[in-house]
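>>> Sequence first, then the predicted structure:
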Amino acid sequence: MSHVQPESSPSRFPLAERGLRWREQDVAAPMDAAQDAAPARRHRNNWPLYLFVFLLPLQNIQTGYLPQLGGGLNFLNVFFAISLIGAFFCGGRLARNEPVNIAVFVYMLYAVVSYLVGSQLVSDGDRINILKDHLIAVSLVFVTQMSVRDLSQVKKIIIASLLPLPYIAKVTWVQHTSVAKWHYGDALRIKGTFALLGANEFAAFCVTMGVLCFALLIAVKMPKILRALVALGLACSVFCILYAYSRTAYVAVALGLICVLLAWRGRWKLMPLFLVLAIALPAILPESVVERYQSTSVEEDKQDESTRMRMVYWGIAWDSFVAHPVVGTGFNTFARRVNPYHMDTHNVYLRTLAEGGVVGALVLLALLLALFFLCIKRLRKTPPGSWQYGIALGMLGAWTALVVGNIFGDRFTYYPMIGCFWIYVGLLLKSRDLLASGGTHR
């Protein structure tokens with residue numbers, strides 16, 4: 001007769017078995033606790049990119065202290081190449097399924113095509129270097145995405161972009177005091193650290209940084225030391241905007257800040273302060289700044305020389321577009337060949353129509369719309385108080401300022417001016433991945 005054996009027979013030594021089981025639990029508990037308390041995986045930092053971001057707006061240092069290698073090799077080429085190599089070593093990747101990445105790539109591809117179109121009309125000269133520098137600045141959106149894998153790296157890039165601002169403000173103050181006077185004059189148009197560009201381009205960079213700092217300051221929960229750095233960056237940016245005497249920058253920064261305030265979910269908190277500033281601002285601004293702003297008029301008999309000539313350039317650009325409506329005359333040809341005054345259009349949209357035709361205009365429009373919808377999407381899907389939310393809020397305001405600024409000048413081409421804008425776009429693109437990995441407030 002067979003007997004069915006039980007699944008588990010009782011032990012002949014129950015007390016010993018119970019003690020052994022307790023011993024295993026005592027050993028396993030600390031191991032589980034240690035695993036829970038273990039720090040998150042640390043990713044490699046792209047230190048060359050941090051240095052690159054710090055030096056981008058310091059064109060006076062780039063040209064005055066860094067060696068020039070010749071053959072088209074300069075600060076921008078070398079640091080971009082090193083930063084790109086560092087991005088590959090970081091092991092990061094581009095954000096997936098993002099229309100902005102596709103729009104940027106198409107924009108860069110068409111810029112090359114437009115350059116080839118223009119080569120049939122004008123000799124090369126330094127057009128290739130202008131195109132290269134512009135595309136490198138745009139490519140920073142890809143390098144940033146590949147370099148950022150956790151929130152601590154986001155903060156490091158932001159800090160690297162803020163650290164030059166006190167020095168930039170100091171240079172601006174030194175330049176201003178050397179030409180300062182009570183009433184406005186063109187001699188007051190200083191260019192800060194933008195040694196090879198002008199006051200308008202310098203002011204445009206400060207507008208981007210000022211709007212971003214404002215958004216981060218009001219919308220992000222951060223340590224006091226970092227908050228103090230952001231507040232200092234905001235103060236330095238506003239100071240530089242005032243003394244660059246760029247009327248376009250005055251309008252752009254105002255609209256950018258208003259956009260930030262209206263999009264911010266806690267906007268009611270600052271409404272009283274903005275009302276007080278709007279009333280008191282004319283009384284506290286320097287007289288020369290007020291005079292500069294009031295000098296703008298679109299009435300034909302009251303236009304200053306700068307405004308009058310802009311109207312002339314715009315008419316020439318429109319006539320060129322009508323003559324070459326499909327692909328235009330080609331990249332960087334308007335000032336060289338089309339305009340008899342050999343000046344830029346002082347309007348990116350009309351220049352795009354003249355040099356890129358309908359095709360170029362549609363590519364640029366698609367890029368700007370993709371950036372806008374990216375900001376809106378991130379604002380809706382990121383938690384208030386997080387760095388991702390603050391960057392999205394700031395980029396929406398910076399986008400508004402950029403779109404407005406491009407009506408009266410070029411706020412899109414030169415790398416010292418636009419580089420940080422594309423870096424922050426890269427940070428914004430990676431914010432979805434960081435949220436998915438659980439990094440919001442760390």
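Received the coordinates, thanks. Numbers count the residues shown, from 1 in each chain.
>>> Any regions of the stretch 301-442 of the chain where pLDDT drops low?
301-304, 435-442 (pLDDT under 70).
>>> which is the next helix or strand following the helix or strand containing residue 85?
Assigned by DSSP states H and E, residue 85 belongs to helix 75-90. Moving toward the C-terminus from helix 75-90, the next helix or strand (DSSP H and E) is helix 99-119.
>>> Near residue 77, how many other residues are there?
By the criterion of other C-beta atoms under 10 Å, residue 77 has 16 neighbours. The C-beta positions use only the backbone N, C-alpha and C, and glycine is treated the same way.
>>> quick one: average confidence on the helix holding residue 85?
Helix 75-90 shows an average pLDDT of 92 in the prediction.
>>> From the contact counts, what lies against it?
Applying 3 or more C-beta pairs under 8 Å, 6 or more residues apart in numbering; DSSP states H and E, one finds that helix 75-90 contacts helix 47-55, helix 127-147.
>>> Let me see the contact set for the residue nearest to residue 390 when sequence neighbours are not counted.
Nearest non-adjacent residue to residue 390, counting by C-beta to C-beta, 6 or more residues apart in numbering: residue 220, 3.7 Å away. Counting by C-beta atoms under 8 Å, 6 or more residues apart in numbering, residue 220 touches 385-387, 389-390.
>>> PyMOL command to pick out the buried ones of the residues you listed?
Here is the PyMOL command that selects the buried residues among these (16 or more other C-beta atoms under 10 Å):
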select buried, resi 385+386+387+389+390
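>>> Could you list the low-confidence segments of the stretch 151-300 of the chain?
Short version for the stretch 151-300 of the chain, where the test is pLDDT under 70: 180-187, 266-300.
>>> Kindly recompute the last result at 80.
179-189, 265-300 (pLDDT under 80).
>>> quick one: the helices in it?
Ranges of helices in the stretch 151-300 of the chain, per DSSP state H, counting those that start in this stretch, are 151-162, 164-179, 199-219, 224-244, 247-263, 271-284, 287-294.
>>> Determine which of these approaches residue 113 most closely.
helix 199-219 (25.9 Å; C-beta to C-beta).
>>> quick one: buried residues of the host helix or strand of residue 428?
Using DSSP H and E, residue 428 sits in helix 415-436. Buried residues in helix 415-436, counting neighbours by 16+ other C-beta under 10 Å, are found at 415-435.
>>> likewise stretch 338-354?
Buried residues in stretch 338-354 (16+ other C-beta under 10 Å): 338-339, 344-354.
>>> now do stretch 223-230
229-230.
>>> cool, and stretch 53-64?
Of the residues in stretch 53-64, those buried (16+ other C-beta under 10 Å) are 53-62.
>>> And those, which is the shakiest by pLDDT?
Among the buried residues of stretch 53-64, residue 62 has the lowest pLDDT, at 89.
>>> OK, contacts around it?
Going by C-beta under 8 Å, 6+ apart, the list of residues near residue 62 reads 55, 74-76, 195.
>>> Out of those residues, the closest to residue 361 would be?
Once C-beta to C-beta is applied, the member of these that ends up nearest residue 361 is residue 76, at 27.4 Å.
>>> ok, that closest one touching residue 133?
Yes. Counting by C-beta atoms under 8 Å, residue 133 is a contact partner of residue 76 at 5.8 Å.
>>> Overlap in contacts, these two.
residue 415.
>>> For residue 193, give me phi and psi.
phi -90, psi 0 (degrees, to the nearest 10).
>>> re the thing from before, for the buried residues of stretch 53-64, work out which two are farthest apart.
53 and 60 (16.7 Å).
>>> would residue 45 count as being in a strand?
No. Using DSSP: H, G, I helix; E, B strand; the rest coil, the secondary structure at residue 45 is coil, not a strand.
>>> Could you pull up the residues touching it?
Residue 45 neighbours (C-beta under 8 Å, 6+ apart): 90, 153, 156.
>>> number of nearby residues for the second one?
What it means is residue 153. Residue 153, neighbours per other C-beta under 10 Å, totals 23.
>>> is it true that it touches residue 146?
No. In this structure, residue 153 is not within contact of residue 146 by C-beta under 8 Å, at 11.1 Å.
>>> quick one: the residue nearest to residue 408 when sequence neighbours are not counted and residue 121, what's the gap?
In this structure, residue 408 finds its nearest non-sequential neighbour in residue 248, 4.3 Å apart by C-beta to C-beta, 6+ apart. Distance, residue 248 to residue 121, using C-beta to C-beta, to the nearest Å: 29 Å.
>>> Of the two, which one has the most company?
Applying other C-beta under 10 Å to residue 248 and residue 121 shows that residue 248 carries more neighbours, namely 21 against 14.
>>> The more buried one against residue 405, yeah?
Yes. Counting by C-beta under 8 Å, residue 405 is a contact partner of residue 248 at 5.4 Å.
>>> what about residue 422, distance to residue 313?
27 Å.
>>> Now do the top helix by length along the chain against helix 415-436, angle only.
Taking DSSP state H as the criterion, the chain has its longest helix at helix 348-381. Interaxial angle of helix 348-381 relative to helix 415-436 (axes from the mean of the first three to the mean of the last three C-alpha atoms, to 10 degrees): 20 degrees.
>>> Any buried residues in helix 348-381, and which?
348-357, 359-361, 363-364, 367-368, 370-372, 374-375, 378-379.
>>> just curious, which of the contacts of residue 220 is nearest to residue 309?
For the contacts of residue 220, the nearest to residue 309 is residue 390 (39.9 Å; C-beta to C-beta).
>>> Below-threshold pLDDT in the stretch 1-150 of the chain: ranges please.
In the stretch 1-150 of the chain, residues with pLDDT under 80: 1-42, 66-73, 92, 122-125.
>>> how does it look with 50?
Within the stretch 1-150 of the chain, the segments meeting pLDDT under 50 span 1-20, 22-39.
>>> Report the separation between the closest residue to residue 379 other than its chain neighbours and residue 73.
Computed as C-beta to C-beta, 6+ apart, the closest residue to residue 379 that is not its neighbour in sequence is residue 392, at 4.8 Å. Separation of residue 392 from residue 73 (C-beta to C-beta): 36 Å.
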